[in-house]
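Fold the following and give me the result.
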Amino acid sequence: MSSIARISIFVASITFTFAALFAQSKDDDAAKKKPLPPGVTRVKVEFSGGHDTEGVDKGRPVVLIANALGVKPEVFREAFSHVHPAPAGTQPDPEQVRQNKAALMDALGKYGITNDQLDKISNFYRYQRSKGEMWPTKPAVAYALVKDGKVIGYEVESGGAGYSSAPTVGLPNFKDAKAKAELSFGKDLDHNGAVSSITLPDEKQK
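The predicted structure follows:
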């Protein structure tokens, strides 16, 4: 067998292997979804928004930062009230940086937060809004369960991360499908600010 023939067979084998692995991955994803009752179909949810902040926070995702540090948002807000940020578009001088860090640690240290933790979380959620940037986010993936043209429930496949406010839940061709996304927060940065569930209006009243 010639060298060219051997190379062709090898390439074909690799291509087949990757195709099989990709197909298996799709099969695995499909298998993770629970079987549906007769007559029920899934419709993918379209999320929008979900990155609003409180006016007092001036664009800082305080709810995410605070929960990542393990404290309540109001605790971090109080701590940050002692900080004097440099004007927008300017760099703070070293002494100002030192004073701001000391003020934060004085307020947060009593909650067991270390300087390294504060630096890690602050750097992770740092962004420049003036440049159109956004702190790290990961979109959620969810589906509406539809039967006889009506939404009867929702299931969240992946909660995403980085939501600072509840995103709007939308469904193509279902203008009247109203629902509320619920968020969960925690120290795990990969899941902090994740969509934990989606509820129908009548479910909230039960």
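
Look up the pLDDT of Lys33 for me, please.
Lys33 carries a pLDDT value of 71.

what residues are up against it?
Lys33 makes contact with 42, 155, 157 under the criterion C-beta atoms under 8 Å, 6 or more residues apart in numbering. Heads up, the C-betas are built off the backbone N, CA and C, glycines and all.

hmm, which of those are the buried ones?
Those of those that meet the buried threshold are Glu157, by 16 or more other C-beta atoms under 10 Å.

Keep only those of the contacts of Lys33 that are in helices.
Counting by DSSP state H, none of the members of these fall within helices.

any idea which residue sits dead centre in this protein?
With distances taken as C-alpha atoms, centre = their mean, the residue of the chain nearest its centroid is Ala161 (1.3 Å).

The nearest residue to Arg60 once chain neighbours are set aside: how many residues sit nearby?
The spatially closest residue to Arg60, leaving aside those adjacent along the chain, is Thr53, at 6.4 Å (C-beta to C-beta, 6 or more residues apart in numbering). A total of 16 residues lie near Thr53 under the criterion other C-beta atoms under 10 Å.

OK, contacts around Thr53?
Taking C-beta under 8 Å, 6+ apart, we find Thr53 in contact with 59-63, 164-165.

Name all residues that make contact with the nearest residue to Glu46 once chain neighbours are set aside.
Nearest non-adjacent residue to Glu46, counting by C-beta to C-beta, 6+ apart: Gly170, 4.2 Å away. Gly170 makes contacts with 45-48, as judged by C-beta under 8 Å, 6+ apart.
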